[in-house]
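S.K.: Model the structure of this input:
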Amino acid sequence: MEYPLGDSLSSCIPGLNSAELVNRGGQKAVYKADIAGRELALKVIALPPFQQSVEDDEDDWNSAVERARREVSILEQVDIPVLVGAGPIGIDTFTMGGSRWMYFTEEWIEGTSLREMIREGALPPRLVARLGLDLVSAICWLSSKGWVHRDIKPENIMWSNKRLRFVLLDPGIALDLHGPSLTRLPMVVGTMAYLSPEQMNPLQKRQLDFRSDLFAIGVVMYESATGQHPFMTVASTESQLFDSIRSGQPAALQSKSEGFPGPLSAFISRCLGKQPHQRYRKCGFAKAEVRQVAASLGVEE
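M.R.: Residues are numbered from 1 along each chain as shown. Take a look at the predicted model:
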């Protein structure tokens, strides 16, 4: 799919001074934009053409639109520093060259993605504890609103230079536990390497809760602490990854990182429990424990 060039968007979006394409995939592109002198993330989503062909799947288009609306609804309610919030432009549309596009804005988080940080090497325990505390705080807030993020991974986590903490991005595929489903069965939503075992069964979608996000947090924390994914190697096939997530046991953190704090290791291990009941019964319990572990390493909320 051809996404609009940044320079061409200025004639379609009021107040847009510049836009640099930073990420794209499927029906959505993300730009770093200057709008009325403010740095923002601009998300642009393809809409169905005026004349649809027989190959066009109307359900896919409708799903993309509804997901964008859900994402904006979440962003507009965010009032904590560990989740990205809404920008000044809600959902609007424009037409360019016969194609239709929907767009909205959110905060631009200046800093470094967790993926980039991991590429530089394992994070020190204190920063891993900071990561855990921030992410658990984020999913507890989402859970209190009836949402499950479902796509927690290093690419969706930024270290904010301004806030001096990690910020969780992109609730675009969040599950509304009380709303209609936007995904057709038997589709699995999320990034496979960070799915919980129960997420791999689409028939269990309505049984998901914050504990699925906790599993992803455990994976991300383990990877950050060791520089290695707990269930995947560069040679892993999709089938091997599937089996490993469902039944494999990662190597003990202490064997990967000498002197790694025991309480932090225990928290990560509990998040990686194969069954939801092996994690935490309430999100508040997970937050209280990671807060205590983080405080013992000099990290405050």
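S.K.: Nearest residue to residue 129 in space, please, no chain neighbours.
M.R.: residue 294 (4.1 Å; C-beta to C-beta, 6 or more residues apart in numbering). C-beta: built from backbone N, CA, C; applies to glycine.
S.K.: which residues touch the one you found?
M.R.: When contacts are counted by C-beta atoms under 8 Å, 6 or more residues apart in numbering, residue 294 touches 129-130, 132-133, 300-301.
S.K.: and those residues as CSV, adding neighbour count, distance to residue 81 and secondary structure?
M.R.: Formatted as CSV, those follow (neighbours: other C-beta atoms under 10 Å; distance: C-beta to C-beta, whole Å; DSSP: H, G, I helix; E, B strand; the rest coil):
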residue, neighbour count, distance to residue 81, secondary structure
129, 26, 17, helix
130, 22, 13, helix
132, 29, 16, helix
133, 24, 12, helix
300, 8, 13, coil
301, 13, 10, coil
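S.K.: ok, of the residues you listed, which one's closest to residue 258?
M.R.: residue 129 (17.3 Å; C-beta to C-beta).
S.K.: in the host helix or strand of residue 39, what's buried?
M.R.: For residue 39, the host element (DSSP states H and E) is strand 38-46. Neighbour counts using 16 or more other C-beta atoms under 10 Å place 40-46 of strand 38-46 among the buried residues.
S.K.: From the chain's centroid, how far away is it?
M.R.: Between the centre of strand 38-46 and the centre of its chain there are 17 Å (C-alpha atoms, centre = their mean, to the nearest Å).
S.K.: next structured bit after that strand?
M.R.: Next along from strand 38-46, by DSSP H and E: helix 58-77.
S.K.: That next one packs against which elements?
M.R.: If you count contacts as 3 or more C-beta pairs under 8 Å, 6 or more residues apart in numbering; DSSP states H and E, helix 58-77 packs onto strand 38-46, strand 99-107.
S.K.: for the helix or strand that comes right after the last one, packing partners?
M.R.: Spelled out, that is strand 99-107. Counting by DSSP H and E, the next helix or strand C-terminal to strand 99-107 is strand 111-113. The contact analysis (3+ C-beta pairs under 8 Å, 6+ apart) places strand 111-113 against strand 157-160.
S.K.: pLDDT averaged over stretch 210-226, what's the number?
M.R.: Here stretch 210-226 scores 97 as its mean pLDDT.
S.K.: One more: stretch 242-250?
M.R.: Throughout stretch 242-250, pLDDT has a mean value of 92.
S.K.: Quick check: buried residues in it?
M.R.: 242, 244-245, 250.
S.K.: about what we covered before: can you give the contact residues for the strand holding residue 39?
M.R.: In contact with strand 38-46 (C-beta under 8 Å, 6+ apart) are residues 1, 3-4, 9, 13, 16, 19, 27-35, 64-65, 68, 84, 87-89, 99-110.
S.K.: Could you figure out how far that strand is turned away from strand 99-107?
M.R.: Computed with axes from the mean of the first three to the mean of the last three C-alpha atoms, to 10 degrees, the direction of strand 38-46 lies at 150 degrees from that of strand 99-107.
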